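K.L.:
With the input below, show me the fold.
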Amino acid sequence: MPEPSFVQLVTQALMGANRPLTVAEIKARVEMIRPVRTRDPQATIRSAINSVPLAVSLGGRPAHYTWWPRHLADNAFRQPLAASDLEAGTLALNEEAWRALWPDFFAYSSRSSGEVTLVLADGPVLQARIEHLVAGQPIWGLPPTPALADWYRQQEAVPDDALIVQVLNVEARRYVVALARRVDRDEAAITTRNQALADAAEKVLRAARLSLPDFWLIPRLIAHDAYRHPLPPDPWEDVLRADLRFVLGNREVSLTEKLVNDLERDWAVPPDPWASPQPQGDRPSTGSGHRRKARSDEARRAWGAYLFDRGMDHLWKGWPLAAEAYYKEALRLDPGHADAWVHVGNRRFEEDWVTEALPLYERGQAAAEERIIGDPARYPAPFWLDVDSRPFMRALHGRGLCLWRLGRIDEARQVFAWMLELNPNDNQGVRFLLHDLDEGLSWEESAARDEERTKRLEGRKHE
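P.N.:
Numbering: from 1, shown residues only. Now for the predicted structure:
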């Protein structure tokens, strides 16, 4: 009978342990069955650990490893409901709920079939199977299920409500599902839970020393017990995208500070010689997501200006993710940098996260008013022609567009009319936006019209 492989023995050691183990402890358990007589036994065990898909590192010195599905016990996850789910009786799972319901999905050869038991609150017990829902996209969940559709109707669920998915028995894949109504959200309590999730993510990313793809990050968050609480946080992407400590892109998460450090070290994009110069000395630290006391407000502002301009360098070179990292790092040092708030808002707007973009533009407007503008009615210089007023005007422009896209037409019209009053020269073209608003066009229709107009102008240039 052949000897078990080291991967099999490491799997057995981690599954049988009631606590996280170090490499030395895993090696000792492996050697109870098979001696490790390789040239470098520690490296052999580490290699085996890396080949076990359900093993994750908790960090530390020495690092401790754990079988992450064990940490799912007593976890709760928040699963937003979309209108399409309610209409069809489906459930398109977000990343966290998907991993909770099918933890061994990435185990490949030993992967289970995806069958789950869902105990619907005040409803039936549903035997279901997770399936691939959207061709060409990594979206998994429950296909159209009449019993689920009936339960949605019975619960009077509406879009933007959420399901709370609680783990009853990991091994049996048994979960309880309850409806959490949007109107009943305890914002203060959920904000606290979101902060705890973000703190856990920072700890995980600092231990990893590199950016992490989502399919590695989520098991580590679970292993750090970030979801072991009856009140789940918002989905991890929403939480981390809104936090200045993190940058998300291409299904990976990076720490803002570390990404900026790497970009500054490599200098693949040289700085604009006419932009804000790099201040002397080291950049002030911003540990644990909170600003430490810098040498002075002047130093923080100088670094904020430099980092923002470096973000613009990368934006103009077509590196929007790097640009966002610089904007966020600028804000971590200088939260009063209005244009940095505006440009993070631009990123969310371009990604169609309009509800997230709006408060960013509002923060940019407030920062500009506090630091530069004061009372706009008493501002002594001409708006827009005075360069210092442009962050304020850009914030208003972004705010108006968000209100338009969100269907808050009267508010959008008021913002654009105010911009035209402040700057009759209309360097930002809001008179065209007001015209389209008055014609009853949606933002999407206006944008399509503008794109068509641009194409016609480009075509005439080449005639």
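K.L.:
When you work out contacts or count neighbours from here on, use the C-alpha atoms and nothing else.
P.N.:
Will do.
K.L.:
Please enumerate residues in contact with the helix or strand residue 205 falls within?
P.N.:
Counting by DSSP states H and E, the secondary-structure element that holds residue 205 is helix 187-208. The set of residues that contact helix 187-208 without belonging to it, under CA atoms under 8 Å, 6 or more residues apart in numbering, is 58-60, 211-212, 217, 220-221, 224, 226-227, 231-234, 236, 239-240, 243, 245, 254-255, 288.
K.L.:
at 6 Å what do you get?
P.N.:
Helix 187-208 has contacts (CA atoms under 6 Å, 6 or more residues apart in numbering) with 59, 226, 233.
K.L.:
before we move on, what about stretch 343-354?
P.N.:
By CA under 6 Å, 6+ apart, the surrounding residues in contact with stretch 343-354 are 357, 360-361, 402.
K.L.:
how about a cut-off of 10 Å?
P.N.:
Taking contacts as CA atoms under 10 Å, 6 or more residues apart in numbering, the residues outside stretch 343-354 that touch it are 238, 241-242, 244, 308, 311-312, 320-321, 323-328, 331, 339-340, 342, 355-364, 391, 394-395, 398-399, 401-403, 405-406.
K.L.:
So which of the residues you listed are in strands?
P.N.:
Members of the contacts of stretch 343-354 lying in strands (criterion: DSSP state E): none.
K.L.:
which of those residues are buried?
P.N.:
Among these, those classed as buried by 16 or more other CA atoms under 10 Å are 241-242, 244, 308, 311-312, 320-321, 323-328, 331, 339-340, 342, 356-364, 391, 394-395, 398-399, 401-403, 405.
K.L.:
So which of the contacts of helix 187-208 belong to helices?
P.N.:
In helices, judged by DSSP state H, none of the contacts of helix 187-208 are found.
K.L.:
Now flag whichever of those is closest to residue 273.
P.N.:
For the contacts of helix 187-208, the closest approach to residue 273 (CA to CA) belongs to residue 59, at 41.5 Å.
K.L.:
Now residue 442, what are its backbone angles?
P.N.:
The main-chain torsion angles of residue 442 are listed as degrees, to the nearest 10 and equal phi -80, psi 170.
K.L.:
residues touching residue 217, list them.
P.N.:
The neighbours of residue 217, taking CA under 10 Å, 6+ apart as the test, are 56, 201, 204-205, 208, 211, 223, 236, 252-253.
K.L.:
Weed out the non-buried ones from the residues you listed.
P.N.:
If you count burial by 16+ other CA under 10 Å, the buried members of these come out as 56, 201, 204-205, 211, 223, 236, 253.
K.L.:
pLDDT for those residues - can I get that in JSON lines?
P.N.:
Listed next are the buried ones among the contacts of residue 217 as JSON lines, based on pLDDT from 0 to 100:
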{"residue": "56", "pLDDT": "95"}
{"residue": "201", "pLDDT": "98"}
{"residue": "204", "pLDDT": "96"}
{"residue": "205", "pLDDT": "96"}
{"residue": "211", "pLDDT": "94"}
{"residue": "223", "pLDDT": "97"}
{"residue": "236", "pLDDT": "98"}
{"residue": "253", "pLDDT": "98"}
